[in-house]
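**Student:** Fold the following for me, if possible:
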Amino acid sequence: MQVRFGSAFVLTAAASTAPIAVCRAQSTQPARTDSTTAVVSSVQIHRENVFDKAESGSWLFAAANKLHIVTREHVVRRELLIPVGAPFDSATADETARNLRKLGIFRKATVDSSRTSSGLAEDVTTHDSWTTQVQAAFKSSGDQITWNVGVAEKNLLGRQIKASVKYTSDPDRSTTQFAAFVPRVWRNRVDLSTAYKQYSDGESGDFSLSAPFTTLTTPRSSTLDVDYADRNVLRFFEGEEEASDTLRHLLTKGTLTGAWAIRASRQGYVRVGAKLQLRRENFADLGTPIDERSFFGELGTGVEWSRSNFSVVEGYRGLGGPEDIDLSATVRGDLWVAPSAWGYERGGVGPAVKANVGKLLPNGFTTLNLRASSLFTSKGLDSGSVAAQGVLTLLPAPRHTVVFNAQGGMQKNPYPGEEYDLGLTFGPRAYPAHAFTGDRAFFTTVEYRWVAFPEVYKLLGIGLATYADYGGAWYSGSPVRTGADAGVGLRLGSTRAASGKGATRVDLSWRFASEEFDKRWILSIGTGFPFDIAR
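**Tutor:** This is a model prediction of the structure:
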C-alpha cells in the first residue's frame, strides 16, 4: 500500500483510569456575572507561580519558585477570547480557560468576571506547573526494559517555548532525540516545531509550520509539514523477540493542508479542507541498495462536523487538579485520490471516516470512537483498516473510579511497520515487547482505583489500583494469539504537573499461562495507561 489511510489501532486516548473527584457538564469555576448588556471594561490577569503566595512561606517552595520563571503575561493575554469592549459570556470564558489549560504549562486556569467601580472586569487566573523536567525513567515488563534519560523544558523563559533532548534505549534500538516548539512566531498565529532523531539504525526528522484552529470559532487553518527518514523498519511475527523481517525505509515527504470553517460557533462547527502530499519513498530488503527513490503524490479533501460538549474533571489522567475531557459529537469524512500519473501502478481512491461521541453520566461518562479507511483501485479493495474503542468510566464514590475499556481493529495490507503491536508499553501489561503482532487485534481492560492520599506535602498524589487485562493480535489466516493478566498497582502523580499529565504506574501482575508464555509474576513500570495511543 502506498497511500497511508489511518492504520493506527487506538483511535483516541478516550478515557483514563485515574479517579475523578468532580465531573460536571460545565466548568468547576465559581459563578460569574453574565449579561447580554454587560461588556468587559478591563482585563485583570493574575499569574501564580508553581507554589502560590499562601504556600511559598516554606523555604523549599520559595526556592522552587525562584528557580522557575513565571509565564509571561502576553502568553496568557494572547489566548483571551473576550477583549475589552466585548460582552462577557460563560461559554466563551469556559473556552478561554480550556485553551489555557491545553497549553500544557498550567496546573489550573480560571476565567471569571467581577464588578468594579469602572465596570465589569474579566478576571483571569493561572497557576504555573513545574515545567523543567530532568528525565530518568524506565518501563519494565519482566526481563525487558525501556529506559531513557534527558532534560525537557516546556515553558522556556516563561514564553511557552518547548525544548528537549532525550536518550532512549529499548529492546529494538537506541535513540537520541532533539525537539523544539516555538509558538506564534509570525503574526501571533503561526507555530514552528521541529524534531530530529538519531537511531542506532538510522535517522529521521520533521519540520512543521502551522496556523491551527486555536478556538471553536477560528475561521481557517493551514499547515506545512516536511518529513525525512532513513531507518530500519522492524517486523515481528508470532511473538518473536527479535525481528525476522527488516526493511530499509527511505522517505522525503511534504504535506500542505488547508481548512476553512463554513460555520463556526461556541456550540460547534462545520469545516472543509484539502490536503496535498508529495513524497519520494522506497522500502527495500536490508542490505539491498536503493539507488533512486520513487515519487508518489496524493490529493485529499474532507469535511468535519462537530457539536461541542466539554466537561471539567478533577483527578482524571493525573491524581488531582482540573482537567478537560472532550465529549463532543464529531464526524469527519475524507476522500483521497492517488492518480496513476503520480507514481502509482494503478490509480486509486481512498475514502475514510471517523466518528467520536461522548456522554456525561450521573456518576461518570462514556466515550465511543470509530475509524475506517480504505484504498480502492481498478482491481477492488487494495488496503484498508477499521477500528473502534469504547470506554465507560464510573464514579461510585469520591476518590474511587472504575474504568472499562474495549477496543479492536483489523487491517488489510497494512503499511510496513504499522501492524498492530501489543506488549511492554501498550496492551496486556505483563507481556514483553512485540508479544502480539498482526493485522487483527483487540484489547480489553478493567481497572478500579482509589486515591489514598490526594496530596502528600503538597507535591504528590498516591493511589492504589487493581485490574485485569485481556487482549492479543495475530495475522489473518494464522492462529489467534491472546494473553491475560491481573494484579495490583501503585499510582503516583505530581500535584504540580500540568493539567492532564498522566500518572506513573507501578504494577505487579500475575500472567496467566498460554502456549507461548509461562505463568509468573511480572513487575511492570510505566506512565499513562495501557490503552493509550501506542504510536
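**Student:** Select the longest helix from this protein.
**Tutor:** For the chain, the helix with the greatest residue count under DSSP state H is helix 90-102.
**Student:** What's the first helix or strand after that helix?
**Tutor:** Beyond helix 90-102 in the direction of the C-terminus, DSSP states H and E gives the next helix or strand as strand 106-116.
**Student:** Sheet partners, orientation included, of that next one?
**Tutor:** Taking DSSP bridges as the criterion, strand 106-116 pairs within the sheet with strand 119-128 (antiparallel).
**Student:** Residues contacting the partner strand, please?
**Tutor:** With contacts defined as CB atoms under 8 Å, 6 or more residues apart in numbering, strand 119-128 is touched by 33, 35, 38-50, 52, 68, 70-71, 76, 80, 82, 88, 93, 96, 100, 105-115, 155. Every residue, glycine included, has its C-beta placed from N, CA and C.
**Student:** In ChimeraX, how would I select the buried members of the residues you listed?
**Tutor:** Here is the ChimeraX command that selects only those of the contacts of strand 119-128 that count as buried (16 or more other CB atoms under 10 Å):
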select :40,41,43,47,48,49,50,52,68,71,76,80,82,88,93,96,100,105,106,107,108,109,110,111,112,113,155
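**Student:** which strands and helices sit next to the longest helix of the chain?
**Tutor:** On a contact count with 3 or more CB pairs under 8 Å, 6 or more residues apart in numbering; DSSP states H and E, helix 90-102 meets strand 106-116, strand 119-128, strand 322-326.
**Student:** Format the ones you listed as a markdown table; extra columns: distance to residue 228 and mean pLDDT.
**Tutor:** What follows is the helices and strands packed on helix 90-102, written out as a markdown table (distance: least, CB to CB, whole Å; pLDDT from 0 to 100):
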| stretch | distance to residue 228 | mean pLDDT |
| --- | --- | --- |
| strand 106-116 | 34 | 93 |
| strand 119-128 | 35 | 95 |
| strand 322-326 | 32 | 88 |
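**Student:** and those as a markdown table, adding distance to residue 168?
**Tutor:** Formatted as a markdown table, the entries for the helices and strands packed on helix 90-102 read as follows, by distance: least, CB to CB, whole Å:
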| stretch | distance to residue 168 |
| --- | --- |
| strand 106-116 | 27 |
| strand 119-128 | 28 |
| strand 322-326 | 27 |
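**Student:** and of the ones you listed, who's closest to residue 460?
**Tutor:** Within the helices and strands packed on helix 90-102, the stretch nearest residue 460 is strand 106-116; the backing value is 13.6 Å (CB to CB).
**Student:** Would you mind getting the angle between the closest one and helix 90-102?
**Tutor:** Interaxial angle, strand 106-116 versus helix 90-102 (axes from the mean of the first three to the mean of the last three CA atoms, to 10 degrees): 150 degrees.
**Student:** Not counting its own residues, what contacts strand 106-116?
**Tutor:** So strand 106-116 is contacted by 27, 29-30, 32-34, 38, 40-42, 50, 71, 82, 88, 93-94, 96-97, 100-101, 120-129, 321-322, 495-499 (CB under 8 Å, 6+ apart).
**Student:** Over to stretch 150-158?
**Tutor:** Residues external to stretch 150-158 that are found in contact with it (CB under 8 Å, 6+ apart): 69-72, 75, 104-105, 128, 131-135, 160-167, 177, 498.
**Student:** quick one: average pLDDT of it?
**Tutor:** Over the span of stretch 150-158, the pLDDT mean works out to 95.
**Student:** Show the contacting residues for residue 329.
**Tutor:** By CB under 8 Å, 6+ apart, residue 329 lies in contact with 306, 307, 309, 356, 357, 358.
**Student:** Show me what the strand ranked longest in the chain pairs with in its sheet, parallel or antiparallel.
**Tutor:** With residue count as the measure and DSSP state E as the assignment, the chain has strand 245-265 as its longest strand. According to DSSP bridges, strand 245-265 forms sheet pairs with strand 220-235 (antiparallel), strand 268-285 (antiparallel).
**Student:** Same list (the ones you listed) but as JSON lines, adding mean neighbour count and mean pLDDT.
**Tutor:** Listed next are the strands paired with strand 245-265 as JSON lines, based on neighbours: other CB atoms under 10 Å; pLDDT from 0 to 100:
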{"stretch": "strand 220-235", "mean neighbour count": "17", "mean pLDDT": "94"}
{"stretch": "strand 268-285", "mean neighbour count": "16", "mean pLDDT": "94"}
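**Student:** How about the residue in the protein that sits furthest from its center?
**Tutor:** The C-alpha centroid of the chain is most remote from residue 117, which lies 44.4 Å away (CA atoms, centre = their mean).
**Student:** What does that residue show for phi and psi?
**Tutor:** Note on residue 117: backbone dihedrals following degrees, to the nearest 10 are phi -60, psi -20.
**Student:** Show me what the nearest residue to residue 301 once chain neighbours are set aside bridges to in the sheet.
**Tutor:** Spatially, and ignoring its direct neighbours in sequence, residue 301 is nearest to residue 274 (4.9 Å; CB to CB, 6 or more residues apart in numbering). When assigned by DSSP bridges, residue 274 has beta-bridge partners residue 258, residue 301.
**Student:** what's the answer for the one 5 residues further on, then?
**Tutor:** Beta-bridge partners recorded for residue 279 (DSSP bridges): residue 253, residue 296.
**Student:** Distance of it relative to residue 226?
**Tutor:** Between residue 279 and residue 226 the computed distance is 10 Å (CB to CB, to the nearest Å).
**Student:** Mutual contacts of those two, please.
**Tutor:** Listed contacts common to residue 279 and residue 226 are 253, 254; contacts here mean CB under 8 Å, 6+ apart.
**Student:** low pLDDT regions in this structure?
**Tutor:** In the prediction, the chain carries residues with pLDDT under 70 at positions 1-37, 137, 140-143, 315, 533-535.
**Student:** ranges for the helices of it?
**Tutor:** Assigned by DSSP H, the helices in the chain fall at 59-67, 73-77, 90-102.
**Student:** Give me the domain ranges for this structure.
**Tutor:** The chain breaks down into these structural domains: 26-128, 132-527 (assignment by automatic domain parsing).
**Student:** Can you verify my assumption that residue 193 contacts residue 212?
**Tutor:** No: the pair residue 193 / residue 212 is not scored as a contact, 11.0 Å apart, by CB atoms under 8 Å.
**Student:** rewinding a little: just the angle for the longest helix of the chain relative to strand 322-326, thanks.
**Tutor:** Going by the same axes, to 10 degrees, helix 90-102 makes 110 degrees with strand 322-326.
**Student:** Just the CA atoms of helix 90-102, as PDB, please.
**Tutor:** Extracted as PDB, the C-alpha positions of helix 90-102 are listed here (Å, rounded to 0.1, in the frame of the first residue of the first chain):
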ATOM      1  CA  SER A  90     -19.800  31.900  30.300                       C
ATOM      2  CA  ALA A  91     -19.300  29.700  27.200                       C
ATOM      3  CA  THR A  92     -16.500  31.900  25.800                       C
ATOM      4  CA  ALA A  93     -15.000  32.200  29.300                       C
ATOM      5  CA  ASP A  94     -15.000  28.400  29.600                       C
ATOM      6  CA  GLU A  95     -13.300  28.000  26.300                       C
ATOM      7  CA  THR A  96     -10.600  30.500  27.200                       C
ATOM      8  CA  ALA A  97      -9.800  28.600  30.400                       C
ATOM      9  CA  ARG A  98      -9.800  25.400  28.500                       C
ATOM     10  CA  ASN A  99      -7.400  26.700  25.900                       C
ATOM     11  CA  LEU A 100      -5.100  28.000  28.600                       C
ATOM     12  CA  ARG A 101      -5.000  24.500  30.300                       C
ATOM     13  CA  LYS A 102      -4.400  22.900  26.900                       C
END
